[in-house]
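[1] Predicted model follows, preceded by the sequence.
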Amino acid sequence: MKALLLQHRQIFLFIVAGALSAVVEIGSFKTLSVYLPQFLPQETNFHGVHFPLSNVLSTSCGIITNYFLSIWFVFERGKHSKNKEFAYFMVVSFFSTILSLLFFQLFFRFVFKNHFDAGFFVFSQEILSKIAAILLVSILNYSVKKRLIFNG
């Protein structure tokens, strides 16, 4: 029973860390997607890829935030050294970034065709796509990070 409670505590902390990381990622994406196109007009559509630089930079901000929150609050140190742990985290995050970018493009092109007015805030097509991509990739991230990186 205690192990089950600990497991749920870890999942809750992972969700909180993920939510905070998502706020950093979405906030930086919103900022970058507004200002980068002023300097790089192709940012809005670079050979069919929408907001590539904004996506990569904001995802990097979210990954770094998530790494530190994960080691401080969520996971215990695993059997790996700090350097290996960080390297593994970055490799997993690299593949997660590729998946996130792919999902973002799919959601942006095929799923979210319009904005969503929540009354207090209007969610643009870009933000809806970013949120959906983050949620989808987060499920995979928890499993991989728990089993392969922080498996102490």
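    Structure's in. What do you need?
[2] center of this protein, which residue is that?
    Centroid-nearest residue in the chain: Ile134, 4.6 Å away (criterion: Cα atoms, centre = their mean).
[3] That one: helix or strand, and which one exactly?
    Assigning secondary structure by DSSP states H and E places Ile134 in helix 125-144.
[4] helices or strands up against that helix?
    Here helix 125-144 touches helix 2-39, helix 52-69, helix 82-106, going by 3 or more Cβ pairs under 8 Å, 6 or more residues apart in numbering; DSSP states H and E. Placement of C-beta: from N, CA and C, glycine included.
[5] just to revisit the earlier point, list the contacts of the residue nearest to the centre of the chain.
    By Cβ atoms under 8 Å, 6 or more residues apart in numbering, the contact set of Ile134 is Gly18, Ala22, Glu25, Ile26, Gly62, Ser100.
[6] quick one: contacts for the first one?
    Translated: Gly18. Gly18 is in contact with Asn66, Ile134, Ser138, Asn141, Tyr142, counting by Cβ under 8 Å, 6+ apart.
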